[in-house]
Structure formats: C-alpha cells, structure tokens
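Novice: Structure, please.
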Amino acid sequence: MTGTHARAPFRICFVCTGNICRSPMAEAVFTRLIAEGGYEGAVTVQSAATGDWHVGERADHRTRDALKDAGYDGDAHRARQFDPAWFADLDLIVAFDRGQERVLRQWAPSDETRAKVALLLSFDPASGPDLDVPDPYYSDAAAFARVLTLIERASIALFRQIEPALPHGGS
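Specialist: Now for the predicted structure:
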C-alpha cells in the first residue's frame, strides 16, 4: 500500500455486571451515534459483563423495551463475559460503576491496559460527583428509562470527545 496508511478502527467495549441491562443500552446508543456520524468503519463497539451469569441470554426485557421506546434496537443482543485477553485489542473499556471499574483494572495485565478503563459518567461534565450509573435490574421499567437517559447523555459526551480524532466520514 504505497502512499496510504490504513487506520485501525477505534475499539470500545462497554462492560457492566451481567451484560443484560446497562452495557447493551450503551452499545445500542453508541452504535447509532457511529452510524449517524458516518463512522461505521472508524469505530467498533461491543459490550460484555464482568460476571458469567447471563452468558448467551438476550438483554433483559425491560432493557429491550426501554431501547425500543427510545427508537433503538436491542433484540439481537446476546450476553457475554469480558475476556481479559481483549485488553490488547481494545482502545477503551467503559464501566458503569466503581465495582466494575475495580474488577476490570484488576484483570488488566499492565498499567497501560489499566489506563484504558474509564467510567461512562466521567465523560459527561454534567454528571456531578457520583460517577456510578445505577443498576436498574432490581427496579421497574421507569428506572430502565432513567438509566437509558443517563447513558445517552454520557455516550454523546464520549462520542464528542473521540470524534475529532476519527477520520472524516468513516472509512
């Protein structure tokens, strides 16, 4: 490839506890942001869990309902557990609360990979001092809708931070 340089896509993984509530929401939201910005080839997004309880399951029905009500599609999602071997291939690993952040940093094989872990709300200056996105699992549908709103706002802030570094128009 003389005279050209192929850029690898920026790779993000959203990680929550079971990969059936918060992280599938963020994956759906961020996937739409990528598509709307024309960056499909420039950014890849996935989600996973710190635990293995729900591996292979669909997103919680309240997650799917909240996503559908907001115009997103979460029906194809299947839960999976984060594999520490993924650290090498990811640019950013986004956790939703300090517990997940702690687990991910413990799993990270080096200081360099630990630095890839961040809390989602840390990207949103309007979030305030509490950077934990509440887990809606033991709550009602209204809690899922509130959590989705938090995730949307923080995902937009994250997207705005990485967008200037992306190749214009994707690849």
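Novice: just the strands in the chain please.
Specialist: 10-16, 43-49, 92-95, 117-119 (DSSP state E).
Novice: buried set for the third one?
Specialist: Residues 92-95 are the ones in strand 92-95 that count as buried (16 or more other CB atoms under 10 Å). C-beta here means a position set from N, CA and C on the backbone, and glycine is covered the same way.
Novice: Below-threshold pLDDT in this protein: ranges please.
Specialist: Residues of the chain meeting the criterion pLDDT under 70: 1-7, 168-171.
Novice: will you turn the buried residues of strand 92-95 into a markdown table that also has distance to M25?
Specialist: A markdown table is the format used below for the buried residues of strand 92-95 (distance: CB to CB, whole Å):
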| residue | distance to M25 |
| --- | --- |
| L92 | 17 |
| I93 | 16 |
| V94 | 12 |
| A95 | 14 |
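Novice: which among those residues gets closest to E27?
Specialist: Each of the buried residues of strand 92-95 was checked against E27 using CB to CB; the closest is V94, at 10.0 Å.
Novice: any idea how far R78 is from that closest one?
Specialist: For V94, the distance to R78 (CB to CB, to the nearest Å) stands at 19 Å.
Novice: ok, and what's touching the helix ranked longest in the chain?
Specialist: Assignment by DSSP state H gives helix 141-162 as the longest helix of the chain. Contacts to helix 141-162, defined as CB atoms under 8 Å, 6 or more residues apart in numbering, come from residues 10, 21-22, 25-26, 29-30, 33-34, 37, 43, 60, 62-63, 65-67, 69-70, 92, 94, 120-121, 123-127, 133-134, 136.
Novice: Give the bridge partners for Q81, please.
Specialist: A49 (DSSP bridges).
Novice: Burial check on N19, number of neighbours?
Specialist: 29 (other CB atoms under 10 Å).
Novice: Now it: phi and psi?
Specialist: phi 60, psi 30 (degrees, to the nearest 10).
Novice: Tell me if I'm right that it and D52 touch.
Specialist: No - applying CB atoms under 8 Å, one finds N19 not in contact with D52, separated by 9.5 Å.
Novice: Greatest separation within the buried residues of strand 92-95: which pair is it?
Specialist: Largest pairwise distance in the buried residues of strand 92-95, by CB to CB, is 10.6 Å, between L92 and A95.
Novice: joint contacts of these two?
Specialist: Common contact partners of L92 and A95 (CB under 8 Å, 6+ apart): A118.
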